[in-house]
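Visitor: All I have is the shape, not the residue letters:
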């Protein structure tokens, strides 16, 4: 078990070591006797300095944050309402619509990225944050709807019925009674949606082109790789900094992640 | 979704119910309609419309910035005769099959170990999931650095323990590069299997295991005759999710090999990107990514059938 954990975590450790390793120590071929891969005696922040001084890393960080937050907010709003309707209300075609949402949930981004890029150009959204804020919900809405439907089903109907007997309208009962009780489910869906947007790569790669608009994954890959030359120090520093926010959120909400993950599969 | 009418009969019933509904029922329908509108609108504009557009593109010779004309099946015929596309198809199926089976085997082993573990369970489970949480592109960059032909720590470790005695260029040859990509995919995807299967394992009562043990079943028999069948529904769903994701993968290949050396490690998605985005042939690119559709469609249909069968029982 320990061995599995070490193998699982090693790439992150190596990422961190490389990020603080000075260049003269980094580019020693592996078969030289002085190749010491696991640690460094001369830790340096030069790669981080380069990242902030010579690339737009700070800008990418802000972009990624804004885009993730925006697309998560849209997805939670749409998903919450849709999930309530599908889990709670009886109406013709409800079953078919639930199936439709589930099928959309299974559609991989790679199936539609070329026509979607075309649609983005048609709407003149290319190379703006809106290209991502509006397209990330295509995979976040089905996911969060599906997750929250499962959550709503665990809340007893009597709760709303009591509120309605006390004179609340259906909408009031939904907003004041059901949504607060469903908060843990909403939180799970929200942080998971945020993580998925933060990590997204393909749409950002295809829809954004100018350096000022990029998100972290794209910025790091496109600006720190020139042709065949990889600037490994700054690359790993960027990878580390780009991972930390997600890892930080994750460390606080491990249980929500696990329930989102297992819940999203079982429905 | 307690009731699941068949589409056609459901539609007729829906229309009948629309005609004969009481006002209170109608109010509920209108309310549902209002709640569903934002989600449906978003999905119609950014999923359904692009899907239709993609089908049109795949039958046209559209380039970036120039609307094309209808060319029938010629994009698909061209792909069919393209040796790189043939290689890509083969790669995608091998990649999906091998990586999914490895993820299942390793994920199951890890889930079983975690389930038996007493201390450190939460900590281990939490750290296990990291590869799945951290942005894939960024962790894949770390792997690319670890595979670097000159500075490879993987070579150094394997050389030090006497496993290899020559330099291995992990991303340099067609076969070895494919295996390296599969390795990283397994590393990234295994936690999803392990944690979901663990959640499944925790719903199986230990008493069933105990009963089987009293009846004389050894650990191996207990796994195959008791745990495996009981876990089957979870396993199937996780497998199907993973098959879809792996089949449609893009990031790992894009970062690690870019489809190379000499177009030998492309998957459908990376080849579609090369044609549709890098060369700007939108029509051919759309056709390449739509080539994934028949298989994905079959998997989704199978998954829906499987989930429903489980509910019917």
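Guide: Nice, I can see it. Worth saying up front: this structure is predicted, and the values here are computed from it rather than measured.
Visitor: all strands in the stretch 151-267 of chain A, in order from the N-terminus.
Guide: Ranges of strands in the stretch 151-267 of chain A, per DSSP state E, counting those that start in this stretch, are A:225-226, A:229-230.
Visitor: Quick one: neighbours of the residue in the stretch 101-250 of chain B positioned nearest to chain A, just the number.
Guide: Ranked by CB to the nearest CB, the top residue of the stretch 101-250 of chain B for proximity to chain A is residue B:248, at 3.4 Å. Where C-beta positions appear, they are placed from N, C-alpha and C, glycine not excepted. Counted with other CB atoms under 10 Å in any protein chain shown, the neighbours of residue B:248 add up to 23.
Visitor: show me the contacts for it.
Guide: Residue B:248 makes contacts with A:108, A:109, A:110, A:111, B:268, B:269, B:292, B:296, as judged by CB atoms under 8 Å, 6 or more residues apart in numbering or on different chains.
Visitor: Could you identify the buried members of those?
Guide: Among those, those classed as buried by 16 or more other CB atoms under 10 Å in any protein chain shown are A:108, A:109, A:110, A:111, B:268, B:269, B:292, B:296.
Visitor: Could you chop chain A up by domain?
Guide: Domain ranges of chain A: A:1-44, A:55-266, per automatic domain parsing.
Visitor: Can you add mean pLDDT and give those back as a markdown table?
Guide: Below are the domains of chain A laid out as a markdown table (pLDDT from 0 to 100):
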| stretch | mean pLDDT |
| --- | --- |
| domain A:1-44 | 80 |
| domain A:55-266 | 89 |
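Visitor: Now tabulate those in TSV and tack on distance to chain B.
Guide: Below are the domains of chain A laid out as TSV (distance: least, CB to the nearest CB, whole Å):
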stretch	distance to chain B
domain A:1-44	4
domain A:55-266	3
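Visitor: just so I know, which of those domains lies nearest residue B:302?
Guide: Of all the domains of chain A, it is domain A:55-266 that lies closest to residue B:302, at 11.2 Å by CB to CB.
Visitor: Centre-most residue in chain B?
Guide: Central residue of chain B (CA atoms, centre = their mean): residue B:245, 1.5 Å from the mean position.
Visitor: Residue A:248: which of the buried ones among the contacts of residue B:248 is nearest?
Guide: residue A:109 (25.5 Å).
Visitor: Was I right to think the closest one contacts residue A:205?
Guide: No - with contact defined as CB atoms under 8 Å, residue A:109 does not reach residue A:205; the gap is 10.7 Å.
Visitor: show me the contacts for the residue lying closest to the residue of the stretch 101-250 of chain B closest to chain A once chain neighbours are set aside.
Guide: Spatial nearest neighbour of residue B:248, chain neighbours left out: residue A:108 (3.4 Å); criterion: CB to CB, 6 or more residues apart in numbering or on different chains. Residues counted as contacts of residue A:108 (CB under 8 Å, 6+ apart) are B:244, B:245, B:247, B:248, B:269, B:292, B:296.
Visitor: Mind telling me what element residue A:79 is part of?
Guide: Following DSSP states H and E, the helix or strand that holds residue A:79 is helix A:57-88.
Visitor: quick one: buried residues of that helix?
Guide: A:57, A:60-61, A:63-65, A:67-68, A:70-72, A:74-88.
Visitor: got it, and stretch B:123-136?
Guide: B:124-136.
Visitor: after the helix or strand where residue A:6 lies comes which helix or strand?
Guide: Assignment of secondary structure by DSSP H and E places residue A:6 within helix A:2-19. Using DSSP H and E, the helix or strand that follows helix A:2-19 towards the C-terminus is helix A:23-26.
Visitor: Output the contacting helices and strands for that following helix.
Guide: Contact here means 3 or more CB pairs under 8 Å, 6 or more residues apart in numbering or on different chains; DSSP states H and E; on that basis helix A:23-26 packs against helix A:232-252.
Visitor: Can you give me every residue that contacts residue 111?
Guide: I went with chain A, as the question did not name one. By CB under 8 Å, 6+ apart, the residues touching residue A:111 are B:54, B:248, B:289, B:290, B:292, B:293, B:296.
Visitor: Chain B was what I was after
Guide: Going by CB under 8 Å, 6+ apart, residue B:111 touches B:193, B:194, B:195, B:197, B:198, B:200, B:201.
Visitor: Quick check: PyMOL command selecting the buried ones in the residues you listed.
Guide: Only the buried members of those enter the following PyMOL selection, criterion being 16+ other CB under 10 Å:
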select buried, chain B and resi 193+194+195+197+198+200+201
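Visitor: Out of the contacts of residue B:111, list just those in helices.
Guide: Using DSSP state H, the members of the contacts of residue B:111 that fall in helices are B:193, B:194, B:195, B:197, B:198, B:200, B:201.
Visitor: tell me, which of these make contact with chain A?
Guide: Counting by CB under 8 Å from any CB of the partner chain, residue B:195 from the ones in helices among the contacts of residue B:111 sit close to chain A.
Visitor: follow-up on the earlier one: just the contacts of residue B:248: which are in helices?
Guide: Counting by DSSP H, those place A:109, A:110, A:111, B:268, B:269, B:296 in helices.
Visitor: who touches residue 75 in this structure?
Guide: Just going to use chain A. Going by CB under 8 Å, 6+ apart, residue A:75 touches A:136, A:137, A:140, A:141, A:143, A:144, A:193.
Visitor: oops, chain B please
Guide: Residue B:75 makes contact with B:58, B:59, B:61, B:283, B:284, B:286, B:287, according to CB under 8 Å, 6+ apart.
Visitor: And for residue B:279?
Guide: residue B:285.
Visitor: if I look at it, how far off is residue A:119?
Guide: Per CB to CB, to the nearest Å, residue B:279 is found 20 Å from residue A:119.
Visitor: same deal with residue B:36?
Guide: Separation of residue B:36 from residue A:119 (CB to CB): 22 Å.
Visitor: Give me the more crowded residue out of those two.
Guide: Applying other CB under 10 Å to residue B:36 and residue A:119 shows that residue B:36 carries more neighbours, namely 24 against 18.
Visitor: Measure how the helix holding residue A:79 sits relative to helix A:232-252, angle-wise.
Guide: With axes from the mean of the first three to the mean of the last three CA atoms, to 10 degrees as the basis, helix A:57-88 and helix A:232-252 are set at 30 degrees to each other.
Visitor: immediately after helix A:57-88, which helix or strand?
Guide: Per DSSP H and E, the helix or strand that comes after helix A:57-88 is helix A:94-106.
Visitor: Now do that next one: which elements does it pack against?
Guide: Partner elements for helix A:94-106 (3+ CB pairs under 8 Å, 6+ apart): helix A:57-88, helix A:137-153, helix B:7-20, helix B:23-43, helix B:293-312.
Visitor: Including distance to residue A:210, could the ones you listed go into TSV?
Guide: Listed next are the helices and strands packed on helix A:94-106 as TSV, based on distance: least, CB to CB, whole Å:
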stretch	distance to residue A:210
helix A:57-88	11
helix A:137-153	23
helix B:7-20	46
helix B:23-43	26
helix B:293-312	33
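Visitor: Helix or strand: which one has the nearest residue to residue A:203 once chain neighbours are set aside?
Guide: Once flanking residues are discounted, residue A:203 sits nearest to residue A:135: 5.5 Å by CB to CB, 6+ apart. Per DSSP H and E: residue A:135 is located in neither a helix nor a strand.
Visitor: how about residue A:135, what does it touch?
Guide: Contacts of residue A:135 were listed using CB under 8 Å, 6+ apart, and they are A:116, A:120, A:203, A:207, B:46.
Visitor: separation between the second one and residue B:147?
Guide: Relative to residue B:147, residue A:120 is positioned 34 Å away (CB to CB).
Visitor: Then residue B:59?
Guide: Distance of residue B:59 to residue B:147, computed by CB to CB: 40 Å.
Visitor: more neighbours, these two?
Guide: Set residue B:59 next to residue B:147 and count neighbours by other CB under 10 Å: residue B:147 wins out with 25 against 20.
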